[in-house]
Each structure stands twice: as structure tokens, then as C-alpha cells.
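S.K.: Sequence first, predicted model second:
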Amino acid sequence: MEPAGRRNPDSPVPRDEEDVRRLIRCLQSLVEGQSAIAELVACGPKAIPALRDFLLSGRIVSVPQPRIWAVEALAGLRAKEVLVEYLQAPTRSADAQLLFAEEAVRNTAARRLGAWRDDRTFAILLDLCRKRNLPGAVEALAEFQRAEAIPCLDRALEDSLCQTAAEEGFRKLGTKARGALLLSAVTPLPSAGEETPSSLCRRRSVLALLTELGVERPGWTELRPLLMERDPEILVRTAQLAAAVADPAGRSAVAARLVDVLAGVPWYIAKEAEWALLALAPESRPAIAAELRRRFSRPPRERAGDEVLRLLLRLEASLRNVS
């Protein structure tokens with residue numbers, strides 16, 4: 001027995017507007033909605049007006065799935081202009097819950113729009129990203145691998161929902177993005193004294209990307225001011241970069257600074273700090289030895305619970321083994 005409102009897709013009866021209307025109703029069923037996508041695509045261009053009306057004028061609800069399926073059907077029908085019209089349309093609800101649900105629909109539409117790799121689509125996605133951070137738009141924009149997207153990708157690094165997509169975009173750009181990343185790494189916003197948490201997250205992400213891409217000696221010169229930073233994660237990333245390209249004086253300065261902040265290094269990058277100090281050897285040896293002497297001078301009870309002391313002892317043993 002066929003589900004209510006559905007016609008067997010293998011039926012010889014030609015599809016007409018009534019078929020389309022039934023399938024649109026099926027989209028609103030969490031049971032039948034997904035399977036209706038292929039049937040709507042099979043209806044051809046005659047399904048586009050009804051899908052457009054459903055997406056642009058239909059009721060926005062807290063469950064986004066039916067509207068996401070409508071987007072998928074429109075993408076399958078290559079209805080690019082409808083997706084563009086939807087993404088450029090003003091928000092139709094002020095309710096926070098509905099806005100949150102509609103974000104999922106907009107993200108899907110932006111991702112599907114990325115299937116068109118032409119200049120106009122790129123310009124539309126770029127405009128969307130300039131107006132607001134939308135993860136789907138950032139993902140689609142990143143796929144173009146164009147340098148013009150760098151400012152939007154850089155700003156998206158400040159948004160936790162967009163950060164992963166923006167990072168992947170920079171990886172795709174590779175060394176073409178290195179100059180912009182170097183500038184971003186040393187640019188706290190709005191200022192060094194009043195940097196926002198989102199700006200700090202961006203710079204941490206940028207430095208992690210630079211450790212993947214690598215920097216050359218001139219690039220390290222641009223990053224030297226980061227030695228004055230107080231953020232431990234910034235300093236760990238700086239140390240990783242210095243280990244690869246800094247001269248002996250720079251390596252020594254970075255090692256001393258990193259040892260100085262070890263107590264504040266978050267657990268999730270403590271191992272990376274340890275590896276950075278190993279990579280900075282032999283220039284890191286004096287700073288490690290001096291800190292070991294200082295910590296061994298403390299009372300036994302303090303030494304017993306000193307995690308940094310244990311880290312330094314591991315480092316000392318590792319350095320002894322490679323000497």
C-alpha cells in the first residue's frame with residue numbers, strides 16, 4: 001500500500017501539478033520527506049515554482065528538515081536562482097528558536113550553491129560572508145581557492161561555528177595565504193590592550209595554520225613581537241615556528257620565554273610545548289636547567305605536586321639521550 005499523499009514513482013501516470021503538490025506535502029513528513037526529494041527532481045522544472053514558494057513563503061518552523069529537503073530538491077533541479085533568491089532574502093522571523101532552525105536551512109543552501117563554480121556565484125558567496133559569518137557560505141567560498149576570499153576567511157576564524165571551514169579554506173590556499181596569516185597573527189583586535197576573546201582565538205588558529213604551512217626566515221622576523229605575548233598557546237605556537245626557522249639567538253629567546261610560562265600552558269597543548277622545547281635544543285638547554293634548579297629549591301611538598309617539574313625532568317632526560 002502506498003503512503004498517504006504519494007504516488008508510486010514507477011507509475012505510468014504522467015506527473016502533473018497535483019503530483020508536485022502531493023510531494024510538497026510529503027516533504028513536511030519526517031517519515032516520507034527525504035524520499036520525496038528524488039521524486040521532486042524527477043518531476044523536472046515544473047516542480048521548481050512550488051518548491052520556491054515552499055522555501056521563500058512557506059511557514060518557518062522549529063524543525064528545519066522539511067525546508068532542508070526542499071533546498072536539496074532545488075539543488076537537484078539546478079535551480080540556482082531560487083537558492084540565490086532565498087539566501088539574499090531578509091530574515092522572516094524574529095523568534096530565536098526559529099532563527100536557529102532556519103540557520104540550518106541557509107547553511108545547506110549556501111553549501112549547495114557552491115556547486116556552481118563561476119564568478120557570479122563566487123561574488124554572491126563573498127557578499128554573504130562579508131555581511132555575516134555563515135558556516136555553509138564559508139565552506140562553499142573556501143572551495144573556490146581564491147585569494148580574494150582571504151579577508152572573509154580570516155574574519156570567520158573568530159567564529160567558533162565557522163572556524164573549521166575557514167581553516168580548511170586556508171589549507172586549500174596554501175602558501176598563497178602565508179602573508180595574510182603572518183599579518184593576522186600579529187594583529188590583536190581592537191588593540192593589544194583590549195583584545196577580544198574572538199580575536200585571540202583567531203590568532204591562535206592562524207599560528208596553528210602557520211605551523212602547518214611553515215614560514216621562512218623573513219616571516220619569523222615578523223613574528224618576533226609575539227614573544228611579548230602573555231597567552232601560553234600563542235607562545236607555544238610561536239616556539240614551534242621558531243624551532244624551524246629562527247637563528248640561535250631567536251631560538252634561545254623563545255625557549256626562555258616558553259619555559260617561563262609553562263605553568264600556565266593548557267593541558268591540551270602541554271605536550272606540544274614539550275616537543276617545541278625539544279626541537280629548540282640545544283638553545284633550550286640553559287632555560288630548562290635554570291628552571292629545574294629553581295623548582296628543585298622549593299620544599300619537598302611543593303615539588304611532589306609540581307607538574308611542570310615533571311615535564312622538565314622528562315625534557316632533561318630526553319635531551320640527555322639525544323646528546
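M.R.: That came through fine. Residues are numbered from 1 along each chain as shown.

S.K.: how many neighbours does the residue nearest to Arg146 when sequence neighbours are not counted have?
M.R.: In this structure, Arg146 finds its nearest non-sequential neighbour in Phe122, 6.6 Å apart by CB to CB, 6 or more residues apart in numbering. For the C-beta atoms, the positions are set from N, CA and C on the backbone; glycine is no exception. Applying the criterion other CB atoms under 10 Å, we find 19 residues in the vicinity of Phe122.

S.K.: Give the rounded mean pLDDT of the one helix or strand Phe122 maps to.
M.R.: If you go by DSSP states H and E, Phe122 is part of helix 119-131. In this model, helix 119-131 has an average pLDDT of 95.

S.K.: which parts of that helix are buried?
M.R.: Neighbour counts using 16 or more other CB atoms under 10 Å place 121-122, 124-126, 128-129 of helix 119-131 among the buried residues.

S.K.: From the contact counts, what lies against that helix?
M.R.: When contacts are defined as 3 or more CB pairs under 8 Å, 6 or more residues apart in numbering; DSSP states H and E, helix 119-131 packs onto helix 80-88, helix 96-113, helix 135-142, helix 150-156.

S.K.: quick one on the thing from earlier: okay, the buried residues of helix 119-131 in CSV with distance to Val186 next?
M.R.: Shown next, in CSV, are the buried residues of helix 119-131 (distance: CB to CB, whole Å):
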residue, distance to Val186
Thr121, 34
Phe122, 29
Ile124, 32
Leu125, 28
Leu126, 25
Leu128, 29
Cys129, 23
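
S.K.: Nearest to Arg52 among these?
M.R.: Compare each of the buried residues of helix 119-131 with Arg52 using CB to CB and the shortest gap goes to Ile124, at 17.2 Å.

S.K.: in the chain, which ranges drop under the pLDDT threshold?
M.R.: By pLDDT under 70, the low-scoring segments of the chain are 1-15, 323.

S.K.: Can you give me the domain boundaries for it?
M.R.: By the assignment in automatic domain parsing, the chain contains the domains 1-88+95-113, 117-214, 226-323.

S.K.: and the last one, how far from the chain's centre?
M.R.: Here the centre of mass of C-alpha atoms in domain 226-323, compared against the chain's by CA atoms, centre = their mean, to the nearest Å, lies 29 Å away.

S.K.: Arg92 touches Arg59, doesn't it?
M.R.: No. Counting by CB atoms under 8 Å, Arg92 stays clear of Arg59, with 9.5 Å between them.

S.K.: coming back round to it: could the domains of the chain go into CSV alongside distance to Trp220?
M.R.: Listed next are those as CSV, based on distance: least, CB to CB, whole Å:
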stretch, distance to Trp220
domain 1-88+95-113, 37
domain 117-214, 9
domain 226-323, 5
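
S.K.: Most widely separated two among the buried residues of helix 119-131?
M.R.: The widest separation within the buried residues of helix 119-131, taken as CB to CB, falls between Thr121 and Cys129 and amounts to 12.6 Å.

S.K.: Please report the distance of Leu235 from Arg132.
M.R.: Counting by CB to CB, to the nearest Å, the separation of Leu235 from Arg132 is 32 Å.

S.K.: same question, Ser62
M.R.: Ser62 sits 21 Å away from Arg132, taking CB to CB as the criterion.
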